[in-house]
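Visitor: Predicted model and sequence follow; I will ask about them next.
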Amino acid sequence: MASVLAYCRAGYEADLGKELTEKATMLNCFGYPVFTSGQGYVEYICHQADDADLLGQKLAVAQIIFARQLFVVTDTLESLDKSDRLGPVLSAVQEHDNPDMKNGMLFVDHADTDDGKELAKLCRKFSVVLRQALRKQYCLTYKEKPDCRGIHVFFTGFDECKVGYSYPEARSAHANGIFRLKFPTGAPSRSTLKLEEAILTMLTDEEQEQIFRAGGRAVDLGACPGGWTFQLVKRGMHVEAIDNGLVDDALMATGQVEHFAADGFSYRPQMGRVDLLVCDMIEQPDRVAKLMGDWLVKQWADHAVFNLKLPMKKRFETVTEAISSLKDRLDKLDDKFVLQMRHLYHDRDEITVTIVRET
Ligand SMILES: C[S@@+](CC[C@H](N)C(=O)[O-])C[C@H]1O[C@@H](n2cnc3c(N)ncnc32)[C@H](O)[C@@H]1O
C-alpha cells in the first residue's frame with residue numbers, strides 16, 4: 001500500500017484530505033485520504049504504487065495550504081517491542097534506502113495533539129539512538145545536509161510508527177513541521193507571531209529585502225493593538241494603522257505610525273500608494289479577498305499579506321473560491337504575482353496569504 005503522510009493542525013484533517021485529493025488528482029495520482037478527525041495528520045493512499053514517490057517529489061509543503069509536513073511512507077510498524085524499537089526501524093530505513101541519493105536529515109516526529117505530545121520525550125530520545133545507528137551504517141551523513149533526502153519516523157503510539165523519506169525541495173525543514181518563534185519583547189499582541197512566521201517562512205530572502213526597505217510605507221487594516229504594525233515598524237517601515245481601537249502607546253511613540261480610526265473597507269492610502277498592504281480584519285473571506293484585489297489592481301499597494309478567517313464548515317472550498325476570484329483578476333494584469341496560502345502554526349481558524357508583485 002503506497003501512501004504519503006501529511007501533518008496538520010488537529011481538526012483540519014478533512015480540509016487537508018480534500019486538498020491532497022485535489023492536488024494529487026491534478027498530478028494524475030489517484031487515491032483517497034484516510035484520517036480520524038482530531039488526530040493531526042492524514043495519510044493519502046495511492047492506487048498505483050509508484051505514485052507515492054511522485055507525490056513526495058511534486059507536492060511541496062509550501063504549496064499545500066493545510067499541510068505542515070509531508071513524506072512518502074514506506075512502512076507502518078505496529079506492535080513494536082518497547083525494549084527494541086531500533087532494530088525494526090533501522091531495517092525499514094535500510095530496505096528502502098536509495099543508493100543514488102544521500103540521506104542528510106533525520107526527522108523523528110509526532111502529531112501536534114495532546115496524545116501526540118505524550119510521545120515527545122520518546123521521539124527526542126529515539127532520534128539520538130537512531131541517528132547514531134544510521135551514521136554507523138553509512139545511511140545518514142555525519143553533518144546535517146538540508147539539500148539531501150530526509151529519513152522520517154512518525155510515532156503514532158509508544159509501539160507504532162510510520163517510516164519513510166522526503167525530498168529536500170518538497171518538505172518542511174522543521175521538527176513536527178512547526179516553525180517555533182519566541183514572543184518578541186515589546187510586541188503588543190500574540191498576533192504578531194502570525195505575521196512574523198509569514199514573513200520568515202513564506203517570503204524568500206530576496207522578497208523580504210525588496211518589500212521591507214527602511215523608509216518604505218505600509219498600511220495595516222484592522223491594526224489594533226498593533227502586533228502586525230510592530231513587525232513592520234521593526235523592519236523600518238512607516239505604517240498607516242487603520243482601526244477604531246487603540247494602537248499600543250510604545251508603537252505610537254516610535255514616530256513611525258499614523259493611526260486612523262476609519263473603516264478598513266473604505267480607507268485609501270495617504271500618499272496614493274504604499275509598498276505593502278497587510279490586513280487582519282475579522283471579516284468574510286470573500287470580502288477581504290475582494291478588497292485585497294482592489295488594492296493590488298488599482299496599484300494602491302505593490303504587495304499584500306493578509307489573513308482569511310475560516311468558517312466552521314467547508315473551509316477548503318471557501319478559501320479556494322475566494323482566492324480563485326482574486327487570482328482571475330490578477331491574471332488579467334500585465335504585472336505578474338507570486339501568491340502563496342498557508343495555514344501557519346501561529347494561525348488559529350484562519351489562513352495567511354502572501355501576494356508579491358514581481359519586478
Ligand atoms: C484580530 S484583530 C487584529 C490584531 C492585530 N493584527 C494585531 O496584531 O494586534 C482584528 C481587528 O480588526 C479590526 N476591524 C474589524 N473590522 C474592521 C473594519 N471594517 N475596519 C477597520 N478595522 C476593523 C478590529 O477592531 C480588531 O482590532
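Guide: Nice, thanks for sending it over. Since the model is a prediction, treat every value here as computed from it, not as a measurement.

Visitor: Next up, phi/psi of the closest residue to the ligand within the stretch 1-150 of the chain, please.
Guide: Nearest residue of the stretch 1-150 of the chain to the ligand: residue 9, at 17.9 Å (CB to the nearest ligand atom). (Each C-beta comes from the backbone N, C-alpha and C, glycine too.) For residue 9, the backbone dihedrals (degrees, to the nearest 10) come out as phi -70, psi 140.

Visitor: Can you give me the separation between it and residue 178?
Guide: When CB to CB, to the nearest Å is applied, the distance between residue 9 and residue 178 equals 10 Å.

Visitor: which neighbours do the two share?
Guide: 68, 112, 345 (CB atoms under 8 Å, 6 or more residues apart in numbering).

Visitor: Out of the residues you listed, who's the most crowded?
Guide: residue 68 (26 neighbours; other CB atoms under 10 Å).

Visitor: which residues does it contact?
Guide: For residue 68, the contact set (CB under 8 Å, 6+ apart) comprises 6-9, 61, 112, 172, 176-178, 345.

Visitor: go again using 7 Å as the cut-off
Guide: Contacts were defined as CB atoms under 7 Å, 6 or more residues apart in numbering; by that measure residue 68 touches 7-8, 61, 172, 177-178.

Visitor: Just the terminal-to-terminal distance for stretch 155-167.
Guide: The distance separating the two terminal residues of stretch 155-167, taken as CA to CA, to the nearest Å, comes to 20 Å.

Visitor: Tell me the buried residues in that stretch?
Guide: Judged by neighbour count (16 or more other CB atoms under 10 Å), stretch 155-167 contains these buried residues: 155-156, 161-167.

Visitor: pLDDT of that stretch, averaged?
Guide: Over the span of stretch 155-167, the pLDDT mean works out to 98.

Visitor: Residues contacting it, please?
Guide: Where contact means CB under 7 Å, 6+ apart, the residues beyond stretch 155-167 that reach it are 5, 56-57, 70-80, 82, 89, 92-93, 96, 110, 119, 122-123, 149-154.

Visitor: quick one on the thing from earlier: next up, the contacts around the residue of the stretch 1-150 of the chain closest to the ligand.
Guide: Contacts of residue 9 by CB under 7 Å, 6+ apart are 112, 343.

Visitor: State the pLDDT value of it.
Guide: Among the per-residue scores, residue 9 holds a pLDDT of 97.

Visitor: For stretch 118-132, what does the pLDDT average out to?
Guide: Over the span of stretch 118-132, the pLDDT mean works out to 98.

Visitor: how about the helices in the stretch 151-300 of the chain?
Guide: Assigned by DSSP state H, counting those that start in this stretch, the helices in the stretch 151-300 of the chain fall at 192-202, 205-211, 227-234, 249-252, 285-297.

Visitor: Distance of the closest residue to residue 207 other than its chain neighbours relative to residue 206?
Guide: The shortest distance from residue 207 to any residue other than its chain neighbours is 5.3 Å, reached at residue 356 (CB to CB, 6 or more residues apart in numbering). As defined by CB to CB, residue 356 lies at a distance of 10 Å from residue 206.

Visitor: Neighbour count: those two, which is higher?
Guide: Neighbours were tallied for residue 356 and for residue 206 using other CB under 10 Å; the higher tally belongs to residue 356 (23 against 10).

Visitor: who in this structure is up against the ligand?
Guide: By CB under 6 Å from any ligand atom, the residues of the chain that approach the ligand are 189, 191-192, 221-228, 242-245, 263-265, 280-283.
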